[in-house]
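>>> okay, sequence plus prediction incoming.
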Amino acid sequence: MLNTSARLLRLLSLLQARALWSGPELAERLGVTTRTIRTDVDRLRQLGYPVEAAPGLTGGYRLGAGAALPPLLLDDDEAVAVAIGLRTAANGGVEGIGETSIRALAKLEQVLPPRLRHRVSAMQSATLAVPGAGPKVDADVMIAIAAAIRSEHRLRFDYANHDGRLSSREVEPHRLVSMGRRWYLIAWDPERDDWRTFRVDRITPKIPGGARFTPRELPETEVAAYLQRGVGTATWRYFARVLLHTSAAEVRAKLPLPVEIEELGPDRCQIRLGSDTPQMLALYLGLLDVDFEVIDAPELSAALTALADRLHRAARSDAPGNDQSS
């Protein structure tokens, strides 16, 4: 059995890891009785940690917000992950946290043991972050969504569609996912009785949030796959169905965005892809360097024609006998 000091540290670590714990759950984790848990909670309160207790069948213990930020307990891997995450955030797609991330990283690196500081420095010297050109996400929006996910409360927000029109939504938030240059929220929409994907840069949270909910099952291994299936229908303004004279495997390897692929043979497949503009769709298809046919997208056909004319003019301007310097 752990001694009192070690048990208190372990209890504090558990309270920091999850929004709500029942007394029996904590007792089982620590190998003690619920009476000992109540005693240890009182000790944490005396040390200044704001541990809240909620009665009833759905109640339990939670670490509340105090007047001062309590110390966090991190193991070696967690400390390294936080340091690397802060450095990445300084160059990431969340607006307004770059300078804050650098300040927090400086404080963390001051207290890292030499063995961990060496691991962080090795990662820093071996990697390079190139800032993306995608839409920036407000840090306060990210924090509000993350808080709703952690506390298991419904998220109420206004959502701007492709044309900028707003609609009011209330969902059960599940995960924030970063893919490409954008952040997405995967959530269960009770009104539509299905999972939905939302672009975070189009979300404006409402205060207060909604009622508590019991999280639905969506295995972590399926989150990325669901996002790839749903991101097009949820976020892009233009869509196209295209017949490609190449294998589905080659398309997956070359395209920088998720697509729906229907295999039609060893060297033919049909895809449905989306983007913010038909011009961007034309560029994506050009990256494949294969023959293709547009099936049902007149905007894409027009964009391809304009791009072909532009490229043809560029090629002729560099052809022999077209020197215009004289």
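That came through, no problem.

>>> ranges for the helices of the stretch 201-326 of the chain?
220-235, 248-254, 278-288, 298-317 (DSSP state H, counting those that start in this stretch).

>>> could you say which of those is packed most deeply?
helix 278-288 (a mean of 18; mean count of other CB atoms under 10 Å). Placement of C-beta: from N, CA and C, glycine included.

>>> which other helices and strands contact that helix?
When contacts are defined as 3 or more CB pairs under 8 Å, 6 or more residues apart in numbering; DSSP states H and E, helix 278-288 packs onto strand 238-244, helix 248-254, strand 268-275, helix 298-317.

>>> got the CA positions of the third one in PDB?
Which is strand 268-275. Extracted in PDB, the C-alpha atoms of strand 268-275 (Å, rounded to 0.1, in the frame of the first residue of the first chain):
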ATOM      1  CA  ARG A 268      -9.600   3.000 -63.000                       C
ATOM      2  CA  CYS A 269     -11.400   4.500 -60.100                       C
ATOM      3  CA  GLN A 270     -14.000   7.200 -59.400                       C
ATOM      4  CA  ILE A 271     -13.600   9.800 -56.600                       C
ATOM      5  CA  ARG A 272     -15.700  12.500 -55.000                       C
ATOM      6  CA  LEU A 273     -13.600  15.300 -53.500                       C
ATOM      7  CA  GLY A 274     -14.300  18.800 -52.200                       C
ATOM      8  CA  SER A 275     -12.500  22.100 -51.600                       C
END
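
>>> please renumber so the chain begins at 12
Sounds good: first residue 12 from here, last item strand 279-286.

>>> one step back: out of the helices and strands packed on helix 289-299, the one nearest Leu97 is which?
Between Leu97 and the helices and strands packed on helix 289-299, the tightest spacing by CB to CB is seen for strand 279-286, at 31.9 Å.

>>> sheet partners, orientation included, of the closest one?
With DSSP bridges as the test, strand 279-286 is paired with strand 249-255 (antiparallel), strand 271-276 (antiparallel).

>>> other residues contacting the last one?
What it means is strand 271-276. The contact list for strand 271-276 (CB atoms under 8 Å, 6 or more residues apart in numbering) reads 240, 243, 254, 258-259, 262-263, 280-284.

>>> switch to 6 Å and redo it
Contact with strand 271-276 is made by 259, 262, 280-283, as judged by CB atoms under 6 Å, 6 or more residues apart in numbering.

>>> CA atoms only for that strand, dumped as PDB, please.
This file holds the C-alpha atoms of strand 271-276, laid out as PDB (Å, rounded to 0.1, in the frame of the first residue of the first chain):
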ATOM      1  CA  GLU A 271     -14.300   9.000 -51.300                       C
ATOM      2  CA  ILE A 272     -12.900   6.400 -53.700                       C
ATOM      3  CA  GLU A 273     -14.800   3.800 -55.700                       C
ATOM      4  CA  GLU A 274     -12.500   1.200 -57.300                       C
ATOM      5  CA  LEU A 275     -13.600   0.300 -60.900                       C
ATOM      6  CA  GLY A 276     -10.600  -1.900 -61.800                       C
END
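
>>> how far off centre is the helix or strand that Met134 is a member of?
Met134 is part of helix 125-137 when elements are defined by DSSP states H and E. Remark: helix 125-137 is offset 25 Å from the chain centroid, using CA atoms, centre = their mean, to the nearest Å.

>>> neighbouring strands for the helix or strand following that helix, and are they parallel or not?
Beyond helix 125-137 on the C-terminal side, the first helix or strand identified by DSSP H and E is strand 148-149. Partners of strand 148-149 in the sheet, by DSSP bridges, are strand 105-106 (parallel).

>>> if we can go back for a sec, Glu120 is nearest to which of the helices of the stretch 212-337 of the chain?
Closest approach to Glu120 among these is made by helix 231-246 (30.0 Å; CB to CB).

>>> quick check: mean pLDDT of the closest one?
Averaged over helix 231-246, pLDDT sits at 61.

>>> also stretch 54-66?
Mean per-residue pLDDT for stretch 54-66: 86.

>>> that stretch: how far from the chain's middle?
A distance of 32 Å separates the centroid of the chain from that of stretch 54-66, by CA atoms, centre = their mean.

>>> coming back round to it: could the helices and strands packed on helix 289-299 go into TSV alongside distance to His164 and mean pLDDT?
Putting these into TSV (distance: least, CB to CB, whole Å; pLDDT from 0 to 100) gives the following:
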stretch	distance to His164	mean pLDDT
strand 249-255	34	88
helix 259-265	38	85
strand 279-286	31	86
helix 309-328	41	89
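
>>> got these as a markdown table, with distance to Arg203 columns?
Conversion of the helices and strands packed on helix 289-299 to a markdown table gives the following (distance: least, CB to CB, whole Å):
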| stretch | distance to Arg203 |
| --- | --- |
| strand 249-255 | 20 |
| helix 259-265 | 29 |
| strand 279-286 | 20 |
| helix 309-328 | 28 |
